[in-house]
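Engineer: A structural model of the following input is requested.
(one chain, ligands or ions: 2)
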Amino acid sequence: MKIYSRAQIYEADKITAEKESLPSINLMERAGGYLYEWVHERLQGGKVPIKVFCGIGNNGGDGMVLARYLVENNYNVTTYVVNYNTKRVPDFLEAYDRLKSVTKNWPIVLTEESVLPEISPQDIVIDAIFGIGLNRAPQDWVKKLFSAINASNAYVLSVDIPSGMYMDRSPEEGDVIVLPRFTLSFQAPKLPFFLPATAPFMQAWDILDIGLDPEYLAKTPTDVELIGKQEVIQMYKSRHQFAHKGMFGHSLLIGGSYGKMGAIVLASKAAMRAGSGMVTAYVPQIGVQILQTALPEVMAETDNFNGKVLEEIDFQTEANAIGIGPGMGTDPKTVKAVEGFLKAQKNPMVIDADAINIIAAHPALLEHVPNLSIFTPHLGELERLIGTWKDDFDRLEKTSKFAKTHDIIIVIKGAHTITTHDMKLYINDSGNPGLATAGSGDVLTGVITGLLAQGYHPMEAALMGVYFHGRAADIAINQYGIEGLMAGDVIEFLGRAYMDLFAKPEEPKAP
Ligand SMILES: NC(=O)C1=CN([C@@H]2O[C@H](COP(=O)(O)OP(=O)(O)OC[C@H]3O[C@@H](n4cnc5c(N)ncnc54)[C@H](O)[C@@H]3O)[C@@H](O)[C@H]2O)[C@@H](O)CC1
Ligand SMILES: [K+]
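Structural biologist: Numbering: from 1, shown residues only. Ligands and ions are numbered 1, 2, ... in the order given. Next comes the predicted model:
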């Protein structure tokens, strides 16, 4: 699903009004009408006090239209104009007049001088104060209103985006954002819904299709995309009935060290379950027995030394795809081995964990990393690789530039894992907090390597791998719970994640 920028949403707005030869207020009427339907479906005429807070831009206009419908349908409504600016926009004013024409209870205008209204836990609050147009810090009294809404314990419904949330930067010291119980966003989700500093405000949300011009939406390329089941189905290649293991590639997982063999065991097993025809693990000698005992399906190769870490990376396996890093450590001997290894590689591979740390500490090695290789850092590893950042948006910009410069793919692991290549961002839609557990990154490396070995393009392998990993965890928590989930469980549910692509009815989604 495409995620449009603010400029693209405004453009879509404009083009829709032009094409339909309708004044733009009609689009606002439509948006407000859909908001009303959503509320009415749930309240069914119930007399709960509803407090509609409207700004003086188009978001406020949407709120005014909703308020008018509520009034017309005899709901118990009080409407407020949060008069944070003298420049009330024309469509807001029109919606304001239309509301005033249907009731004697005109909206209460709030200004800096006003005493803020009492909000009780029994109220329903509609937050239509700021939409995507917020471009500077609101005045203190407006922030106080946000805080009062948040402190009230009322049920808060935000229109389009929680007020106070910016489209292009994370909250800073002193910022206040409305914390809604639910957000109804128009037409498509917005980027901040998925970023660590702002996602916690999006406890529950849905999209309202307000009928923006489908042609514009379809033909406009976006810098950001949400990757879910529909996108993964497009990439998936089914196997014909008489397939044999030689057709599905040989994965080679390189890593492991004394005390950290589990990481490479997990990665190897995950590659197998992701569908790799064969898997070999290249590990230090002390790891061979562990590996072969844990995974009879996986072959082992080892270096010619007898140490606790890899001292050489020299293998016979003719691998279709390589994943390197899990449990490998950063011993100077291993660093040397990785250096030699990288210089000999031509094909895209998966680079994880200590392999990332080694490259971060020796940036000259980047030059030897094959194009389209997939880096899978968590935030700590990413920072070592690209340096520090100011906020979530800055991190995305710096990471995509870094990936572009080196022609690599970077998978930024997190609550919403974001993959970047060629200045585009792909946000993963599966997964749950159960994945914040030891070894889950090793599993991801195995899955992506396994997909790469099966002949998927590196971008497909990265996006599908991240999706299946999250989806397997979503299905697994129905059995283990979020706290109980272990990385190994995710591997056991990978098969179900594949089956779920075409399953009807769908496996239940994570809460
Ligand atoms: N295509 C769509 O998605 C549609 C969007 N509509 C609504 O329009 C909204 C965007 O409307 P606007 O662009 O008018 O923006 P907002 O309604 O978010 O209003 C903010 C207005 O105040 C100004 N402003 C920004 N920060 C301020 C601050 N800190 N203090 C004082 N003034 C500030 C801005 O210049 C802007 O005019 C969307 O969020 C949505 O609710 C709907 O009307 C229907 C169609
Ligand atoms: K809002």
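Engineer: does V279 belong to a helix or a strand, and which?
Structural biologist: In this structure, V279 sits in strand 278-283 according to DSSP states H and E.
Engineer: which residues are contacting that strand?
Structural biologist: With contacts defined as C-beta atoms under 8 Å, 6 or more residues apart in numbering, strand 278-283 is touched by 245-246, 249-256, 261, 264-265, 267-268, 271-272, 287, 291, 295, 297-303, 310, 313, 315, 317, 319, 450. Yep, even glycine has a C-beta here, placed from its N, CA and C like the rest.
Engineer: give me the subset of those residues lying in strands.
Structural biologist: The strands, defined by DSSP state E, take in 250-254, 299-302 from these.
Engineer: run through the residues that contact whichever residue of the stretch 251-400 of the chain sits closest to ligand 1.
Structural biologist: With C-beta to the nearest ligand atom as the measure, F393 is the residue of the stretch 251-400 of the chain nearest to ligand 1, at 17.2 Å. Shown in contact with F393 (C-beta under 8 Å, 6+ apart): 168-170, 195.
Engineer: and those residues, which are buried?
Structural biologist: Buried by 16 or more other C-beta atoms under 10 Å: 169-170, 195, out of the contacts of F393.
Engineer: I'd like the contacts of F393 as JSON lines, with secondary structure and distance to ligand 2 appended.
Structural biologist: Formatted as JSON lines, the contacts of F393 follow (DSSP: H, G, I helix; E, B strand; the rest coil; distance: C-beta to the ion, whole Å):
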{"residue": "D168", "secondary structure": "coil", "distance to ligand 2": "16"}
{"residue": "R169", "secondary structure": "coil", "distance to ligand 2": "17"}
{"residue": "S170", "secondary structure": "coil", "distance to ligand 2": "18"}
{"residue": "L195", "secondary structure": "coil", "distance to ligand 2": "18"}
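Engineer: quick check: can you list the domain ranges of the chain?
Structural biologist: According to automatic domain parsing, the chain comprises the domains 2-222, 231-500.
Engineer: pick the most buried one from these.
Structural biologist: Of the domains of the chain, the one with the most neighbours on average (mean count of other C-beta atoms under 10 Å) is domain 231-500, at a mean of 21.
Engineer: measure that domain end to end?
Structural biologist: Length of domain 231-500, first residue to last, C-alpha to C-alpha, to the nearest Å: 14 Å.
Engineer: can you give me the offset of that domain from its chain's centre?
Structural biologist: Put simply, domain 231-500 sits 19 Å off its chain's centre (C-alpha atoms, centre = their mean, to the nearest Å).
Engineer: and L252, what does it touch?
Structural biologist: When contacts are counted by C-beta under 8 Å, 6+ apart, L252 touches 279-282, 315, 317, 319, 321-323, 449.
Engineer: for E94, grab phi and psi.
Structural biologist: Main-chain dihedrals, E94, degrees, to the nearest 10: phi -60, psi -40.
Engineer: how near is it to ligand 2?
Structural biologist: Per C-beta to the ion, to the nearest Å, E94 is found 19 Å from ligand 2.
Engineer: what's the closest non-adjacent residue to that residue?
Structural biologist: In space, and not counting its chain neighbours, E94 is closest to I25: 5.0 Å by C-beta to C-beta, 6 or more residues apart in numbering.
Engineer: next one, pLDDT for that neighbour please.
Structural biologist: Looking at I25, its pLDDT reads 92.
Engineer: likewise P505?
Structural biologist: Per-residue confidence (pLDDT) for P505: 63.
Engineer: equivalent analysis for R471, please.
Structural biologist: Looking at R471, the pLDDT reads 98.
Engineer: measure it to A188 for me?
Structural biologist: To A188, R471 is 22 Å away according to C-beta to C-beta, to the nearest Å.
Engineer: swap in A154?
Structural biologist: 28 Å.
Engineer: likewise I386?
Structural biologist: 28 Å.
Engineer: what do you get for A197?
Structural biologist: 21 Å.
Engineer: my guess is N74 contacts L43. True?
Structural biologist: No. With contact defined as C-beta atoms under 8 Å, N74 does not reach L43; the gap is 11.2 Å.
Engineer: quick one: mean pLDDT over the host helix or strand of D127.
Structural biologist: For D127, the host element (DSSP H and E) is strand 124-128. Averaging pLDDT along strand 124-128 gives 98.
Engineer: list the contacts of that strand.
Structural biologist: Here strand 124-128 has contacts from 35, 39, 43, 48-55, 59-60, 62-64, 66-67, 119, 149, 152, 154-159, 162-163, 178, 180, using C-beta under 8 Å, 6+ apart.
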